[in-house]
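In: Here is the input, now give the coordinates:
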Amino acid sequence: MFRRREPVPFAFIAETDRFRSNVTPPPRERASAGQIAGRWLLGLTIIAGIVGSLVLGMPALSQNNLSTQNQQSQAADNR
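Out: As a prediction, the model looks like this:
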């Protein structure tokens, strides 16, 4: 890295640690009842979708040994 030849006063950076603002940020705006209800409905919809997919998907993922043993083609029965 190259160095600057002229001195640069960085005293203002050192003073930032001691600087405290007397300006407080505005308070957070409270959510309305409609916004809260909408968030609840969105959350319930997502949870219901996950539960529904598990309920409908679990039978497809289970291994049924009885059904695979009893399966035969209809062509074999007609012989």
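In: Now the helix or strand where residue 50 lies: average pLDDT?
Out: Under the criterion of DSSP states H and E, residue 50 resides in helix 33-61. Mean pLDDT, helix 33-61: 94.
In: Give me the pLDDT value at residue 1.
Out: 53.
In: ugh, wrong one, residue 28
Out: 89.
In: tally of neighbours for it?
Out: Residues within reach of residue 28, counting by other CB atoms under 10 Å, total 6. C-beta coordinates here come from the backbone N, C-alpha and C atoms, glycine included.
In: Need the three-state assignment for it.
Out: Classification of residue 28 using DSSP: H, G, I helix; E, B strand; the rest coil returns coil.
In: For it, grab phi and psi.
Out: phi -70, psi 140 (degrees, to the nearest 10).
In: now do the one 4 residues further on
Out: In terms of degrees, to the nearest 10, the main-chain angles of residue 32 are phi -80, psi 170.
In: Could you report the distance from it to residue 46?
Out: Using CB to CB, to the nearest Å, residue 32 is found at 21 Å from residue 46.
In: What of residue 37?
Out: For residue 37 relative to residue 46 (CB to CB), the value is 15 Å.
In: cool, residue 35 as well?
Out: For residue 35 relative to residue 46 (CB to CB), the value is 17 Å.
In: just residue 27 next, same as before
Out: For residue 27, the distance to residue 46 - CB to CB - is 30 Å.
In: quick one, which of those two is more surrounded?
Out: When neighbours are counted by other CB under 10 Å, residue 46 comes out ahead of the other of residue 27 and residue 46, with 10 against 6.
In: Quick check: phi and psi on residue 30?
Out: phi -70, psi 140.
In: how many neighbours does it have?
Out: Residue 30, neighbours per other CB under 10 Å, totals 8.
In: That one and residue 44: what is the separation?
Out: Distance of residue 30 to residue 44, given as CB to CB: 22 Å.
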